[in-house]
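Q: The amino acid sequence is not available; the structure is as follows:
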């Protein structure tokens, strides 16, 4: 065979057809985008959920702090003077949650406190 025939044949009859290369490229691109796009959406969703979680956590911490300040009844810690920040409303609500009136609470638990003081040696 003359050399020109070989050159023509090698360029025309390739062992790896173009449609296989293009099909493989399309398949790889389809696989890439089918996995990447949902992952990016999920990442954005998770970032939004994390922001909501941080916001809720800050709100809960603020609410707990405010409730603790409101429920503070002015009891002194060991070695400190009472600060006089009595929240009578919180005390009355706590008594009411036990279905008692302040008088009934005093009658029920005041008696036991007196008897404990009398039993303890000084």
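A: Noted; the coordinates are in hand. Values in this document were obtained by computation on a predicted structure and should not be read as measured data.

Q: If I look at residue 1, what pLDDT would I see?
A: Residue 1 is assigned a pLDDT of 52 by the prediction.

Q: quick one: low-confidence ranges for this protein?
A: Residue ranges of the chain with pLDDT under 70: 1-15, 70-87, 111-122.

Q: following the helix ranked longest in it, which helix or strand shows up next?
A: For the chain, the helix with the greatest residue count under DSSP state H is helix 18-71. Remark: after helix 18-71, the chain's next helix or strand is helix 88-97, criterion DSSP states H and E.

Q: Could you identify the helix or strand that succeeds that following helix?
A: That would be, after helix 88-97 and using DSSP H and E, helix 102-105.

Q: which residues are contacting that following helix?
A: Contact with helix 102-105 is made by 92, 95, 98, as judged by CB atoms under 8 Å, 6 or more residues apart in numbering. The way it works is simple: take the backbone N, C-alpha and C, and place the C-beta from them, glycine included.

Q: Among these, name the buried ones.
A: Buried members of those, counted by 16 or more other CB atoms under 10 Å: none.

Q: any idea which of the residues you listed is closest to residue 26?
A: residue 98 (73.3 Å; CB to CB).

Q: Would you report the backbone torsion angles of the closest one?
A: phi -90, psi 10 (degrees, to the nearest 10).

Q: roughly how far apart are it and residue 110?
A: Here residue 98 is placed at a distance of 14 Å from residue 110 (CB to CB, to the nearest Å).

Q: for residue 19, same thing?
A: Here residue 19 is placed at a distance of 96 Å from residue 110 (CB to CB).
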